[in-house]
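Visitor: Quick one: sequence plus predicted model below, questions after.
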Amino acid sequence: MESILIIVFYIIVAAVVVAAFVIIFKNRCKLQQCQRVQNDNALEINKLKSVISEQDAAIATESERCAKAIHENTSSIRYAKRIQSAAFPQKEISSLFSDYFIFTKPHTIVTGDFYKSFEIANYKIFALADCSGHGVPGGFLTMLGLSALKESLAKHFYDENIDLALILEEMRDFVKSSLRSNDENIDTINDGLNLSLCAFDNNGGGVRFAGANQNVYLYSNGALTTYNGDRMPIGWSFKGDSPFSETFIPVKKGDMLYFTTDSLQNQFGGPENVKFSTKRLTAMFEQIGGMSIEEQKSTVASIVNDWINGYAQVDDLTLAGVRL
């Protein structure tokens, strides 16, 4: 009986030892498997790190290239702005008009608007133009429009009785001819410009006005009067080449004459995100008409910037006022 118990004991011990070996072996296999998985994961992570590092380097190189290209393009456009500013400097205007302001807010660096002043025969000429588009395309058109204006005015430099309507018609021919292509592979461009052109009589004979899709506004005796230009541009028009007309504006010393493109009227903004409108424009001119020139420009800037605040500017904005 005792020998049987001893045999059973050894059998149990042997079974426990075998079970222990089996468990240890299985755990060791699992451990080795886990180590292999960890090694594989570590290898994959290293590969991914290498790929990410290469991508980061590529992104950094591309970002540097883009930054350089942007800097070069911006520098070129800023230089174009210098050329544009030299083409129509305010110093030139101040030599002819002693009391005036010009408010400009370009959509981008260069503008599609331009203003210019000349003295020919017995007149001081002031022009404010809005070319098609803005930015670089508009900037190119300003130079074309300015060339058209100079070309036409040069023909009438000694005219004692200057014909502003004829000047607009000559400008239209110049612009259309310049933008007409004789190359069958290049489309003719139907862009152009809107323009307000005024001649101030040095002998006190009032102001003569001709407009292409632009108006001028006279503030006199506390009241504002609108003088409408013709509803056609200097360039291609579906109306054809109808003749422009000229309007005489009677003025007296101390009156204000305002020039503006149509961009502010079309600018969305304000509390309800609506257009500024012609009604608000004329109300603004009535508000500032009795102020000093410095106060007028400051008030215009405040009104315009407050209106646009938080909204995208849709076009170049330019306004001017001349005290007679």
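Guide: Good, I have the coordinates.

Visitor: For the rest of this, base every contact and every neighbour count on C-alpha atoms.
Guide: Will do.

Visitor: how close does the most centrally placed residue in the chain sit to G289?
Guide: Centrality entry for the chain: nearest residue to the mean C-alpha point is H107, 2.2 Å, by Cα atoms, centre = their mean. Counting by Cα to Cα, to the nearest Å, the separation of H107 from G289 is 26 Å.

Visitor: In which helix or strand does I102 reside?
Guide: I102 is part of strand 100-105 when elements are defined by DSSP states H and E.

Visitor: got the angle for the next helix or strand after that strand vs strand 100-105?
Guide: Sequence-wise, the next helix or strand downstream of strand 100-105 (DSSP H and E) is strand 113-120. Angle of strand 113-120 versus strand 100-105, following axes from the mean of the first three to the mean of the last three Cα atoms, to 10 degrees, is 160 degrees.

Visitor: And for strand 113-120, what's in contact with it?
Guide: 88-89, 92-93, 96, 124-131, 134, 138-139, 142, 146, 156-159, 316-318 (Cα atoms under 8 Å, 6 or more residues apart in numbering).

Visitor: again, 7 Å this time
Guide: Here strand 113-120 makes contact (Cα atoms under 7 Å, 6 or more residues apart in numbering) with 88, 92-93, 124-131, 142, 157-158, 316.

Visitor: now the residues you listed: which count as buried?
Guide: 88, 93, 124-131, 142, 316 (16 or more other Cα atoms under 10 Å).

Visitor: ok, back up a step: list the buried ones in the strand holding I102?
Guide: Buried residues in strand 100-105 (16+ other Cα under 10 Å): 100-103, 105.

Visitor: One more: stretch 312-324?
Guide: Quick answer for stretch 312-324 (16+ other Cα under 10 Å): 313, 315-324.

Visitor: These in strands, which ones?
Guide: Secondary structure assignment by DSSP state E places 317-323 of those in strands.

Visitor: can you pull out the helices in the stretch 151-300 of the chain?
Guide: Taking DSSP state H, counting those that start in this stretch, the helices of the stretch 151-300 of the chain run over residues 164-179, 277-288, 293-308.
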